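1. One predicted model, sequence on top.
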Amino acid sequence: MAKFKLFTEDSNKSPILHLWRNFKSNHLALVGLWIFLLLTVLAVLAPLIAPYGINEQHNNSLILPPSWDEQGSVNFLLGTDGLGRDLLSRLMNGTTTTFGLAIVTALLTTLFGVILGIMAALSKGWRSSVLNHLLDVTLAIPSLLLAIIIVAILGPGLMNTVWAIILSLLPQYIHSIRNIVTLEMTKDYVTAHRLDGASKWRILSIGILPNIYEQIVLIFTMSLSTAILDIAALGFLQLGAQPPTAEWGAILAENLSLIYLAPWTVALPGFLLFISILSTNLVGDGLRQALQKRKAH
């Protein structure tokens, strides 16, 4: 006789497994995740596996086209720039500077944003009013423009760029986390915890945070794509990474004068920027759809 199962296997799966099952059903999001992981690994290993140094010059191979061109060389797979530097090595190391640094920036923004967003949600009275007005003012300014203003005050440089992007992304992050936590505070399970005499910290640690971590991950992916674009934009404007640092935006700025003579020196870093932002957005959109499917069930 067939066995009767009171609960199906799917109903007993953990929330993370449910989220992964819904996420992997989106093939575009899955492709974006593989590209994202590949870029992350490359950002970590690039300084070790790059064939040449980022500033190593080859005077006999100036403006060499990629290897698939008739005039190219297999020694330089993606060609060289106007100073004879291997473009592949510079782009690989640029992954560390642009993509890797954007991940660190987004993680720090997430950490500060969650802490300040929770404090904003728990604040009341004049403190809450002042914070709301400050957030409204800063949210009216585009993040890139705000980052440019902060870099202009702090001075150009890669580390100043990181702090400028963190400060420019924080208002939006604080606003989102505050709204999420405020909504959770109105739910019945929080009221039940309060009636049991639980402290605010216990309500946050065992009640609210486990229920909003998915939204935090989703906001992280969205802020990551903005951080990638802002780091490259500031590097292109020569406010971020300074030459000869290998950073995708700075590489674009350096080779802009060669766009007609050697278009690959501009097209390749631009393509990497496009791929990295596209993969990040695909992952974020896949997470959003997976969360919606999970809530619908």
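-> Cool, got the structure. Numbering: from 1, shown residues only.

2. what's the offset of the helix or strand of the chain with the lowest mean pLDDT from the middle of its chain?
-> Lowest mean confidence among the helices and strands of the chain (mean pLDDT, DSSP states H and E): helix 126-139, at a mean of 71. Its chain's average C-alpha position is 26 Å from that of helix 126-139, according to C-alpha atoms, centre = their mean, to the nearest Å.

3. Can you list the helices and strands that that helix packs against?
-> helix 101-122, helix 158-185 (3 or more C-beta pairs under 8 Å, 6 or more residues apart in numbering; DSSP states H and E). C-beta here means a position set from N, CA and C on the backbone, and glycine is covered the same way.

4. Where do the helices of the stretch 1-150 of the chain begin and end?
-> 15-24, 27-49, 87-94, 101-122, 126-139, 143-154 (DSSP state H, counting those that start in this stretch).

5. now do the stretch 151-297 of the chain
-> Counting by DSSP H, counting those that start in this stretch, the helices of the stretch 151-297 of the chain are 158-185, 188-195, 200-203, 209-236, 248-254, 264-296.

6. Residues touching the shortest one, excluding its own?
-> Contact partners of helix 200-203, identified using C-beta atoms under 8 Å, 6 or more residues apart in numbering, comprise 122, 190, 193, 194.

7. quick revisit: so for residue 21, which of the helices and strands packed on helix 126-139 sits nearest?
-> Nearest to residue 21, of all the helices and strands packed on helix 126-139, is helix 158-185, at 23.8 Å by C-beta to C-beta.

8. Apart from its chain neighbours, what residue comes closest to the most centrally placed residue in the chain?
-> Nearest to the mean C-alpha position of the chain, by C-alpha atoms, centre = their mean, lies residue 224 at 1.5 Å. Once flanking residues are discounted, residue 224 sits nearest to residue 106: 4.1 Å by C-beta to C-beta, 6 or more residues apart in numbering.

9. show me the contacts for the one you found.
-> With contact set as C-beta under 8 Å, 6+ apart, residue 106 has these partners: 169, 220, 223, 224, 227.

10. show me the contacts for the third one.
-> This points to residue 223. Shown in contact with residue 223 (C-beta under 8 Å, 6+ apart): 106, 109, 110, 169, 172, 173.

11. Redo the helices and strands packed on helix 126-139 as CSV? Include distance to residue 89 and mean pLDDT.
-> Shown next, in CSV, are the helices and strands packed on helix 126-139 (distance: least, C-beta to C-beta, whole Å; pLDDT from 0 to 100):
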stretch, distance to residue 89, mean pLDDT
helix 101-122, 18, 88
helix 158-185, 19, 87
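
12. Quick check: which of those is nearest to residue 214?
-> Across those, residue 214 has its closest neighbour in helix 158-185 (10.3 Å, C-beta to C-beta).

13. can you state the direction angle for that closest one and helix 126-139?
-> Relative orientation of helix 158-185 and helix 126-139, computed by axes from the mean of the first three to the mean of the last three C-alpha atoms, to 10 degrees: 130 degrees.

14. Quick one: list the elements packing against helix 158-185.
-> helix 101-122, helix 126-139, helix 143-154, helix 209-236.

15. Deepest-packed of these, please.
-> Of all the helices and strands packed on helix 158-185, helix 209-236 has the most neighbours on average by mean count of other C-beta atoms under 10 Å, namely a mean of 21.

16. average pLDDT across it?
-> Helix 209-236 comes out with an average pLDDT of 87.

17. Equivalent analysis for stretch 81-97, please.
-> Averaged across stretch 81-97, pLDDT comes to 90.

18. so who does the residue nearest to residue 56 when sequence neighbours are not counted touch?
-> Nearest residue to residue 56, sequence neighbours excluded (C-beta to C-beta, 6+ apart): residue 85, at 6.5 Å. The neighbourhood of residue 85, defined by C-beta under 8 Å, 6+ apart, consists of 52, 54, 55, 56, 57, 58.
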